[in-house]
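Asker: need a 3D model of the sequence below.
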Amino acid sequence: MNSLECIASGAGLYSGFLAKQLEEYKVADCNVLPVNVTYSFDEMNFRTVPLFDQGMVFPCSNELRFGAGKAGAMKVMLHYRDGAPILKGLQTQMVSY
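Answerer: Below you'll find the model as predicted:
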């Protein structure tokens with residue numbers, strides 16, 4: 001379900017609750033878009049690792065370990081995996097530090 005479908009479905013569900021025609025509704029949430037992390041400690045050697053795979057059930061958590069002895073100015077970027085079916089016009093990069 002994309003963001004527009006989510007808003008439309010939410011409005012429909014809420015109207016059902018207000019009209020007291022809907023008593024219970026269960027949602028199974030999953031990540032439909034794969035998310036990666038790309039990082040580097042030296043601005044030359046970037047490494048990309050998956051953070052959340054497509055279809056992972058939420059809520060979930062993940063842990064990244066960069067290894068001991070890493071020093072330097074770290075660059076990190078959170079982005080959708082190449083080829084992810086994001087809405088037209090959205091950037092693949094979410095945040096970069």
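Asker: now do the contacts for the residue nearest the centre of the chain.
Answerer: With the centre of the chain defined as its mean C-alpha position, the nearest residue by CA atoms, centre = their mean is Val35, 5.3 Å away. Applying CB atoms under 8 Å, 6 or more residues apart in numbering, we find Val35 in contact with 50-52, 78-81, 94. Bear in mind the C-beta positions are built from the backbone N, C-alpha and C, glycine included.
Asker: show the pLDDT at it.
Answerer: Each residue has a pLDDT score; the one for Val35 is 88.
Asker: okay, and the beta partners of it?
Answerer: Counting by DSSP bridges, Val35 is bridged to Phe52, Tyr80.
Asker: and it, how far from Ile86?
Answerer: For Val35, the distance to Ile86 equals 11 Å [CB to CB, to the nearest Å].
Asker: who touches both of these two?
Answerer: Taking CB under 8 Å, 6+ apart as the contact definition, Val35 and Ile86 share the neighbouring residues Tyr80.
Asker: which of the contacts of Val35 count as buried?
Answerer: Buried members of the contacts of Val35, counted by 16 or more other CB atoms under 10 Å: 51-52, 79-81.
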